[in-house]
Structure formats: C-alpha cells, structure tokens
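Student: no sequence for this one, just the structure:
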C-alpha cells in the first residue's frame, strides 16, 4: 500500500519552501567547492613555506612566517567548515519542515500511515482468521433465551433492505427462542451494550465491520445479496459535463467536494483510491471541501459550482429518476468496485452451538417477494437474502479503506451519531 506520508510524487512544496531549499542547497554546494579549492591552495602554500636556503636549512624568516600562516589557515578552515555545516543544517531543516507540513496536512484529514488494523489484545486468533476466537472459559459464553437483533434502518427505496419482521419470525422459528427488534446506529451508547450481551445479532453497514471486529469481537457471517450479486453501491467521482478532467490523476491541483468525514462513498473510499491509484494526497496534491450532503455535492457539480465530487452511484441515479438532475449535466470519471451495504453477524462470546444455528437460519432465509414492512425496510425489485462471506478474503478492500483512517475519527463519528440520536429523541419527547 502506498504510504500517504512518505510516498514520492512530483514536488508538492510551495514556492517559498522550494526557494529556501534551493538557496540552502546552493550555499552548501558553494561552501564545499570553496573548501576543496582552499585545500589546493593550502598544499601550494605549504610547499612554498618549506623552501630552504642554499645550505639545505629552513630559514628563520620562513619558519616564523610558516607558523603564523598555519595559524591563519587553520582559523580560516574552521570558519569555512562551520559556515558549511550551518548551511547544511538549514537545508536539512527546511526539507524536514516541508515534509512535516505535508504530513500534518494529511493527518488533519483523519488519515494515518497505512498499516494493518488488528484485533484488540484482549482477543485471541489462533487460526489466523482475523477474527476473535470464542472464549476458552465456558463461563464467559452467553446463551440468551431472547435474541436481540439490532439492525440499521432503511426507508430509502434506493437502499433496499430485508423485511425485518418476517426475518425475525424466521429466526424465532429456527431457534425456538423469542426474537426482539432494535435499531442500530453504531453509536457509542449502543456499543456499550455489546459486551454484557444486550445485543445478540447486529446487521450494519459493511464499512463499519472492521471497527466492530477489531474492538468488540464481531463475527461477520453474511452480506446482503440478490440473485445476481452482492447488494451494494459504488463510489463515483463525478465532474461537470463541460469539464476537461477525464481521469482521476488529472485531479492534481483541483478541488474535490466530499460530503462528511464519516461517509464511505462520499469521502473515505475516494481518498483511499486517489492515494492508491493516482498517488494524490488530500490537501497536498488536491484540495478537499465539504458539502455536508451528497445531494448538495451532486447538484453543485451539475451547476458548475464544484470541480469534482465523490458520491454514491445510488444517490446519483435517484436524483436522475426523481427529475432533480439531468443525466447529461455531469460525467463519471471513476467508479469503484461494489461496496457491500449490510453485513450481519454475532459476537465472539456467543455460545458456539447457538451461533451455528443462527448461521444456518440466516443463510436459509428467502423472502417470498420484495416488500416494505412496518419497520420501513425499503423494497427491491429483487428480493434480497444473505450470502456467506469470508471476512479475511472478502473484506480486503473494506479493511484497506478502514486502515487508512485514524480510529479516533470513527469514535468521533459514532459519538456524534449518538448525540444526534439522543437530541432527536428529546425533541420527539418534547
């Protein structure tokens, strides 16, 4: 993976940094050349000073002169060496300052030096699955008589889901246990309910999966799919129809509008792809601004207010279908691979026998037809169901995107979601 903090691209220093570095480089070069020339002259002077008289003895006059000149010569050498070292120090300092300023800019975008996120030290992974092993102590396993299914809600027809009430009835029949329903926003308050077993199953956006896997022992078992393929969306980078930009490497020196820092299609996947495929760093090789909504990003590009935007292909299609956007008003210059929408699984401390029963029930479920239940799960032309996944193999791209971003950004996002949800609840109560 490309290291966003150290990878070499075309010079990205500003004019002041370039001028200082070049000036210091020139000073250092001239100083070294001066020392070399001065050394040549020293050898010639030493030869002259060693001149002898006719009897083969060094004269007293030459001997005294030689001692004085040697002192002067050494003083000059010391001055030149000191001057050269100072010039070199300033050159290295300027380069380090330029490199450090670039790195600081990149870090402000929530990015870190890419590296493998890994399981929390409190988990074991003997088989190398990148997933937490079940506790070896049977007393730490949970075996709830009531299964709590927490899931993301969807009321957007362009973002279809499962008819959750029918799915819960299927799980209840397969397990012989009561199944209750809960919404899941991946907030900090909800995360606190995981360890004591207050949540049994979680269905959430696939992009949030690595965070739960590494920190809470989440065991992703399946993702949503239809009869054709995994159900998900793509990240599109779009430009105005009249823009001369035709490829992502041409975004150098331009501005990319993103929705919010927590968005996968509206920010993170775009930044990751630009670094990995075009060696472009945010706010170093191109500038990022925020629209606070994908609809604003799309309409801004269509109106030539923005040079480029990172958006979801679903949002783009829905605006066209709703008549709010002329399809010819913008162009897609890059589309990512599919990003799965919904992943379902349980946690590492669930009793293995119950986990396997749930796995079978999840994979066996087939909706009779697309529908919208009382919970508001969006309908789809093709009924969706879950298909089995291998987290280590099938989530490589998702983990790469997740691995580029500071985990504190995730926590800020989750805290913000929790605060927003609490504020909405208070407003509703009032």
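Tutor: Yes, it's here. Everything numeric in this text was worked out from a predicted model, so none of it was measured. Numbers count the residues shown, from 1 in each chain.
Student: quick one: contacts for residue 368?
Tutor: Each residue near residue 368 by CB atoms under 8 Å, 6 or more residues apart in numbering is listed here: residue 383. Placement of C-beta: from N, CA and C, glycine included.
Student: got it, and residue 135?
Tutor: 141, 348-349.
Student: Tell me which helix or strand the nearest residue to residue 289 once chain neighbours are set aside sits in.
Tutor: Closest residue to residue 289 apart from its sequence neighbours, by CB to CB, 6 or more residues apart in numbering: residue 257 at 5.2 Å. In the assignment (DSSP states H and E), residue 257 maps to strand 255-258.
Student: What's the first helix or strand after that strand?
Tutor: helix 269-278.
Student: Mind giving me the packing neighbours of that next one?
Tutor: strand 235-240, strand 255-258, helix 396-403 (3 or more CB pairs under 8 Å, 6 or more residues apart in numbering; DSSP states H and E).
Student: try it again with 10 Å
Tutor: Helix 269-278 sits against strand 235-240, strand 255-258, strand 287-290, strand 309-312, strand 330-335, helix 396-403, with contacts defined as 3 or more CB pairs under 10 Å, 6 or more residues apart in numbering; DSSP states H and E.
Student: All the helices of this structure, residue numbers only.
Tutor: 15-49, 60-108, 164-175, 188-191, 209-216, 269-278, 294-302, 313-321, 352-364, 391-394, 396-403, 407-429 (DSSP state H).
Student: For the nearest residue to residue 180 once chain neighbours are set aside, the count of nearby residues, please.
Tutor: Distances taken as CB to CB, 6+ apart place residue 148 nearest to residue 180, at 5.3 Å, with adjacent residues excluded. When neighbours are counted by other CB atoms under 10 Å, residue 148 registers 18.
Student: pLDDT at residue 148, what is it?
Tutor: Reported pLDDT at residue 148 in the predicted model: 94.
Student: sorry, back to before: now for the residue nearest to residue 289, how many residues are close by?
Tutor: For residue 257, using other CB under 10 Å, the count is 25.
Student: How about the contacts made by it?
Tutor: 238, 266-267, 287-291, 294, 296-298, 300-301, 305-311 (CB atoms under 10 Å, 6 or more residues apart in numbering).
Student: Over to residue 147?
Tutor: Residue 147 neighbours (CB under 10 Å, 6+ apart): 168, 171-172, 175, 177-180, 199-201, 346, 350, 354, 358.
Student: Show me what it is bridged to.
Tutor: Applying DSSP bridges to residue 147 gives these bridge partners: residue 179.
Student: isn't residue 386 right next to residue 167, touching?
Tutor: Yes - applying CB atoms under 10 Å, one finds residue 386 in contact with residue 167, separated by 9.1 Å.
Student: Give the residue spans of the stretch 201-350 of the chain that score low on pLDDT.
Tutor: Along the stretch 201-350 of the chain, segments meeting pLDDT under 70 span 227-231.
Student: just to revisit the earlier point, list only buried entries from the contacts of residue 257.
Tutor: 238, 266-267, 288, 291, 294, 296-298, 300-301, 306-311 (16 or more other CB atoms under 10 Å).
Student: before we move on, the earlier item: and which of the contacts of residue 135 is nearest residue 207?
Tutor: Of all the contacts of residue 135, residue 348 has the smallest distance to residue 207: 20.6 Å, by CB to CB.
Student: and that closest one, how many neighbours?
Tutor: For residue 348, the tally of surrounding residues (other CB under 10 Å) stands at 20.
Student: contacting residues for it?
Tutor: Contact analysis of residue 348 by CB under 10 Å, 6+ apart lists 119, 123-124, 131-135, 140-141, 213, 216-219, 355.
Student: what's the answer for residue 385, then?
Tutor: Each residue near residue 385 by CB under 10 Å, 6+ apart is listed here: 162, 167, 222, 224-227, 231, 362-367.
Student: Who does it form a beta bridge with?
Tutor: Applying DSSP bridges to residue 385 gives these bridge partners: residue 225.
Student: separation between it and residue 342?
Tutor: Distance from residue 385 to residue 342, counting by CB to CB, to the nearest Å: 11 Å.
Student: Next, show the common contact partners of these two.
Tutor: Taking CB under 10 Å, 6+ apart as the criterion, residue 385 and residue 342 both touch 162, 222, 224-225, 231.
Student: could the residues you listed go into TSV alongside neighbour count and distance to residue 208?
Tutor: Converted to TSV, the shared contacts of residue 385 and residue 342 look like this (neighbours: other CB atoms under 10 Å; distance: CB to CB, whole Å):
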residue	neighbour count	distance to residue 208
162	27	17
222	19	15
224	22	14
225	20	18
231	22	16
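Student: of these, closest to residue 329?
Tutor: So of those, ranked by how close each gets to residue 329 (CB to CB), first place is residue 231, at 27.7 Å.
Student: domain ranges for this structure?
Tutor: 15-108, 141-231+340-429, 235-336 (automatic domain parsing).
Student: returning to that earlier point: could you pick out the buried ones from the contacts of residue 147?
Tutor: 168, 171-172, 175, 177, 179, 199-201, 346, 350, 354, 358.
Student: Mind checking the pLDDT average for stretch 80-92?
Tutor: pLDDT averaged over stretch 80-92 gives 70.
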